[in-house]
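1. Okay, sequence plus prediction incoming.
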Amino acid sequence: MLILRRLIAALLLFTAFQTNAQSTNYLFECWRKQVKFTQSQYLKFSYQETLNRFEHSFEPWQQSKYLGKGTIWSNYINFFKQDTLTNGKRTYFSKLEFTESNMLFLDYGDKDLFPVSESLFFNQIFQTARYSPIMLINYFFQQEIQIEKESNEDVAIYRTIINKAIVKLYINKSESLISKVTILNDDELYGDVLSTFVYSNYSTRSKIFYPKTIKIEKVNGQLKDEVIITDVLLVDKTPDLLNKPADYEIKKDKEVIPVIRVKKYSEHIHFIELEHTDDRVMVVEFKDFLLVAESPLNSENGELIISEVKKIASDKPIKYFVFGHYHPHYLGGLRPFVHKEVTVLSTKSNINYVKYLANASHSLNPDSLQIQPKALLIEEIVKIKTITDGKFEMRIYNIGDKSRHTKDYLIYYFPDQKLLFEDDLVWIKRTGEVKQASKRQAGLYYAIKELGLEIDTIIQSWPVADYGVKTIIPFNDLEQSINYR
């Protein structure tokens, strides 16, 4: 009988423990410890950070490193920041005022306020997670987000969607503190992109718990940053960092309406101009097949280009897709060509990057390759590739770092027409005197001379209309810029 009573008592105790564990609102407990006391005051802190970015770099995955420092004022609904970034050569500063209904932003290097769109405004709430989880915790709490089934005995997980991004909070159950935030959103080039913020080394200031160390992974772990929090205080108000103009407002997101023009240059060469991206795509027509050179920015543009190519020669398949260098204006629309089982021509240094783009998940904004996966067909160009149908000939040259722009750089030459097509190396004003050649221009000129190419005309892919430069360039202009005195 005694044994039975002990078993019943143990069972009741276990049941009470389970009920209590299941009824614990970890989100509320986290809010209470990290947010509640900011309803009447601001948490003011200084920080230092290392920040890495992908920019217009020399080769794929090359990172630009910045060191930053600044001051932040944050409470449950407001986030103010002023900071500086340095890359070892120059120092830039920015200012931000972000509230429930407004956002003023002075971007790095700018003198005027950045025009804030609705997307930028709605995304800002999870951008604040880089420095503090306060606003994000409060957002989840106010929205009464429920715990996810994927939670386990150590971590309570909460999930919601903010401006099409999937945002998750991970709360350490034993401490009721945020341990991690993940944000999965769509990037037009990289597809599904995961950003992760890991919070550690917690401390307190007047009952408010805050992390002193934040480790950040961006672009699916390709970039890694760190933020260190120091000098934490509670204050009653924020400074006036920016002045709001009388006519300042959050702009509605602009709808991109594609405008496309197809121009026949010669019997074998056509150009597709995309006004909405300011790019020129080249279509080369051979006897039994086609080649497409360049596809800007994203899959949508790649699909548009393929559609226009079919109108040029509906009975001929696209055999090759080639890009002059790896930057997005030339490679971003790659994936629809992979889906069409077109052979991609690439230099060695870009092959792994092409594979990454071709294999990236695009589940948040599915394109044709996501819906119907196909294997990447790729062929390496070393120094030169000649494409011919027996009568018409095209040569693709890799001028490499002579371009002074990227490690590998392809140019396209048509000997019969003394024509050269290239991406973005020549910058000669449409009007006025031809000035001295830039390093890029000079690099192209000397590469042409070294290859012994006879050229009358150079046609450039980008830009087509912007920046006031020629993009159909007499070779004499290039020569004149080299001989400028």
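-> Alright, I've got the coordinates.
2. At which residues are the helices of the protein located?
-> 2-23, 26-34, 118-127, 134-142, 299-312, 328-331, 335-339, 348-359, 368-371, 439-451, 475-482 (DSSP state H).
3. what's around the nearest residue to V354 once chain neighbours are set aside, how many residues?
-> The shortest distance from V354 to any non-neighbouring residue, by CB to CB, 6 or more residues apart in numbering, is to S346 (5.2 Å). In this view, the C-beta of every residue, glycine as well, is placed from N, C-alpha and C. If you count neighbours by other CB atoms under 10 Å, S346 ends up with 24.
4. you'd agree S346 is up against E379?
-> Yes: assessed by CB atoms under 8 Å, S346 is found in contact with E379 at 7.5 Å.
5. got the contact list for N398?
-> The contact partners of N398, taken as CB atoms under 8 Å, 6 or more residues apart in numbering, are T347, I381, V382, K383, I384, D408, Y409, L410.
6. Was I right to think the third one contacts S346?
-> No: counting by CB under 8 Å, S346 is not a contact partner of V382; they are 10.9 Å apart.
7. Pick the most buried one from the helices of the chain.
-> When these are scored by mean count of other CB atoms under 10 Å, the highest mean neighbour count falls to helix 335-339 (a mean of 25).
8. Would you mind writing the CA trace of it as PDB?
-> Output of helix 335-339 as PDB, limited to C-alpha atoms (Å, rounded to 0.1, in the frame of the first residue of the first chain):
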ATOM      1  CA  ARG A 335      19.100  30.500 -63.700                       C
ATOM      2  CA  PRO A 336      16.400  30.500 -66.500                       C
ATOM      3  CA  PHE A 337      19.200  29.600 -69.000                       C
ATOM      4  CA  VAL A 338      20.200  26.700 -66.800                       C
ATOM      5  CA  HIS A 339      16.500  25.600 -66.700                       C
END
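9. Begin at 12, not 1, for the rest of this chat.
-> Shifting the count to begin at 12 puts that one at helix 346-350.
10. what's that helix packed up against?
-> Applying 3 or more CB pairs under 8 Å, 6 or more residues apart in numbering; DSSP states H and E, we find helix 346-350 packed against helix 310-323, helix 359-370, helix 379-382.
11. roughly how far apart are the residue lying closest to F109 once chain neighbours are set aside and T207?
-> Leaving aside its sequence neighbours, F109 sits nearest to F90 (CB to CB, 6+ apart; 4.5 Å). Using CB to CB, to the nearest Å, F90 is found at 20 Å from T207.
12. Looking at these two, which has the bigger crowd around it?
-> Taking neighbours as other CB under 10 Å, F90 and T207 compare with F90 leading, 24 against 18.
13. for the residue nearest to V365, what are its contacts?
-> V333, F334, V365, I389, E390, E391, I392.
14. And the nearest residue to Q383 once chain neighbours are set aside, how far from H373?
-> The shortest distance from Q383 to any non-neighbouring residue, by CB to CB, 6+ apart, is to H350 (6.5 Å). Distance, H350 to H373, by CB to CB: 11 Å.
15. which neighbours do the two share?
-> L380.
16. hang on, the earlier thing: run through the bridge partners of the residue nearest to V365.
-> Counting by DSSP bridges, S357 forms beta bridges with E391.
17. Check it and give its pLDDT.
-> pLDDT, S357: 98.
18. for D258, same thing?
-> 87.
19. wait, what's in contact with F69?
-> Residues counted as contacts of F69 (CB under 8 Å, 6+ apart) are D412, H416, T417, K418.
20. Only whichever of these are buried, select them in PyMOL.
-> PyMOL command restricting the contacts of F69 to the buried ones, with burial defined by 16 or more other CB atoms under 10 Å:
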select buried, resi 416+417+418
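21. Put together CSV for the contacts of F69, with pLDDT and distance to L107 on each row.
-> Below are these laid out as CSV (pLDDT from 0 to 100; distance: CB to CB, whole Å):
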residue, pLDDT, distance to L107
D412, 95, 38
H416, 96, 33
T417, 97, 33
K418, 96, 36
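22. Including distance to L200, could the contacts of F69 go into JSON lines?
-> Formatted as JSON lines, these follow (distance: CB to CB, whole Å):
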{"residue": "D412", "distance to L200": "23"}
{"residue": "H416", "distance to L200": "19"}
{"residue": "T417", "distance to L200": "16"}
{"residue": "K418", "distance to L200": "19"}
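23. Which single one of the contacts of F69 is nearest to S277?
-> Comparing those against S277 with CB to CB places H416 closest, at 27.4 Å.
24. Which residue ranges make up the domains of the protein?
-> 36-246, 271-493 (automatic domain parsing).
25. Tabulate the contacts of S357 in JSON lines, adding columns for distance to I240 and pLDDT.
-> Shown next, in JSON lines, are the contacts of S357 (distance: CB to CB, whole Å; pLDDT from 0 to 100):
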{"residue": "V333", "distance to I240": "48", "pLDDT": "98"}
{"residue": "F334", "distance to I240": "43", "pLDDT": "98"}
{"residue": "V365", "distance to I240": "40", "pLDDT": "98"}
{"residue": "I389", "distance to I240": "46", "pLDDT": "98"}
{"residue": "E390", "distance to I240": "50", "pLDDT": "98"}
{"residue": "E391", "distance to I240": "48", "pLDDT": "97"}
{"residue": "I392", "distance to I240": "49", "pLDDT": "97"}
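26. Can you say which of those residues are buried?
-> Counted by 16+ other CB under 10 Å, the contacts of S357 give V333, F334, V365, I389, I392 as buried.
27. Run a quick check on the last one versus L421, I expect a contact.
-> The one in question is I392. Yes: with contacts counted by CB under 8 Å, I392 reaches L421, the gap being 6.8 Å.
28. Between those two, which contacts overlap?
-> With CB under 8 Å, 6+ apart, I392 and L421 have common neighbours V333, L356, T358, I407, N409.
29. residue contacts, the nearest residue to the fourth one once chain neighbours are set aside?
-> What sits nearest to I407 in space, not counting adjacent residues and going by CB to CB, 6+ apart, is K396, at 4.6 Å. For K396, the contacting residues are L356, R406, I407, by CB under 8 Å, 6+ apart.
30. beta partners of the residue nearest to the second one when sequence neighbours are not counted?
-> With sequence-adjacent residues excluded and distances taken as CB to CB, 6+ apart, R406 is closest to Y424, at 4.6 Å. Here Y424 sits in beta bridges with R406, L431, going by DSSP bridges.
31. how much space between Y424 and V292?
-> For Y424 relative to V292 (CB to CB), the value is 18 Å.
32. Repeat that for V365.
-> For V365 relative to V292 (CB to CB), the value is 18 Å.
33. count of neighbours near F282?
-> F282, neighbours per other CB under 10 Å, totals 19.
34. Give me the pLDDT for it.
-> The model reports F282 with a pLDDT of 98.
35. doesn't V295 make contact with it?
-> No: in this structure, F282 is not within contact of V295 by CB under 8 Å, at 10.4 Å.
36. Okay, the closest residue to P269 other than its chain neighbours and H281: tell me how far apart.
-> Excluding the flanking residues, the one nearest P269 by CB to CB, 6+ apart is H287, at 5.2 Å. Using CB to CB, we find H287 at a distance of 19 Å from H281.
37. who's more crowded, these two?
-> Taking neighbours as other CB under 10 Å, H287 and H281 compare with H281 leading, 22 against 14.
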